[in-house]
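Asks: build me a model:
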Amino acid sequence: MVKSLCTVFLMYSRIPMPHVEWKDENRRYALCFFPLIGVVIGGLLLIWRWLCTWLGCGQLLFAVGATGLPLLVTGGIHLDGFADVADALSACVHREKRLAIMKDPHIGAFAVMQISMYLLLQTALFAELDNLMHLIPAAMGYVLSRTMSGISAVTCRTATKDSSLQEFTRPASRYTRVILLLWFLVLTVIWAGFNKWSCISGLMATAILYLCYGRMTYLNFGGITGDTAGWLVQMTEILLLGISVIGKILM
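Replies: Residues are numbered from 1 along each chain as shown. Model prediction:
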């Protein structure tokens, strides 16, 4: 269990961890701990909001810091997947070519444009949130995004047999689905305790996104990959950030 925890943090974050040998038995429970990275990011986001309020910092400084925070923690691994999917979906080619585009280490013009718009929109949305309570859905989003990505990894068909995602799903314990569903239930209970409206609307929006994600991956790639899993993480995060802003306006 401890080695699985270290493995997932070494793979999907830049948080220092003891070196763990890369073998199947050390990845058996790795996806079970994937949402913990979201807990770290969400906690740091709330601390950053509190610190900015205490120091009297402006909203722009808070927003830029909040946008950069996940990149510092993860090293941008999920945003890299988002960029690969953006390039692949923008190309009017057949499925096999799209998969090849996602494997290409070079970034294309469409990815640059979409990442730029994503980060600008994320910064603008964060700039609208000026207290801790308004940030709760956004902070929950970092956990929920990784929970849903993990669930998709162990339930959906993969597009290829040699993807990085397979390195985690192949040795995964049969209890992984159950543990990820428990993450989802616990998150829902905690979230509803803070704000039932944002919880219901956030879960409904996430469910719709998840269904669209499944359809998009099957139609365009024949299944999910590590890159599409990263795309789902990024889209869920900005979706729930938008829910946070809508909640503030309506409240």
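Asks: and Gly76, what pLDDT?
Replies: pLDDT for Gly76: 91.
Asks: whoops, Leu61 was the one
Replies: For Leu61, pLDDT reads 96.
Asks: quick check: phi and psi at it.
Replies: Dihedral pair for Leu61: phi -60, psi -40, per degrees, to the nearest 10.
Asks: give the contact list for it.
Replies: Residues near Leu61 by Cβ atoms under 8 Å, 6 or more residues apart in numbering: Cys52. C-betas here are computed from N, CA, C, even on glycine.
Asks: for the remainder of this discussion, apply numbering that starts at 55.
Replies: I'll keep to 55 as the first residue from here, and by that count the last item is Leu115.
Asks: tell me how far it lies from Thr107.
Replies: 11 Å (Cβ to Cβ, to the nearest Å).
Asks: one more: Met258?
Replies: Between Met258 and Thr107 the computed distance is 30 Å (Cβ to Cβ).
Asks: next, count neighbours for Leu286.
Replies: The number of residues packed around Leu286, counting by other Cβ atoms under 10 Å, is 30.
Asks: now for the host helix or strand of it, which elements pack on it?
Replies: If you go by DSSP states H and E, Leu286 is part of helix 280-304. Helix 280-304 sits against helix 131-144, helix 163-180, helix 186-209, helix 250-275, with contacts defined as 3 or more Cβ pairs under 8 Å, 6 or more residues apart in numbering; DSSP states H and E.
Asks: show the average pLDDT along that helix.
Replies: Across helix 280-304, the per-residue pLDDT values average to 91.
Asks: from the chain's centre, how far out does that helix sit?
Replies: 8 Å (Cα atoms, centre = their mean, to the nearest Å).
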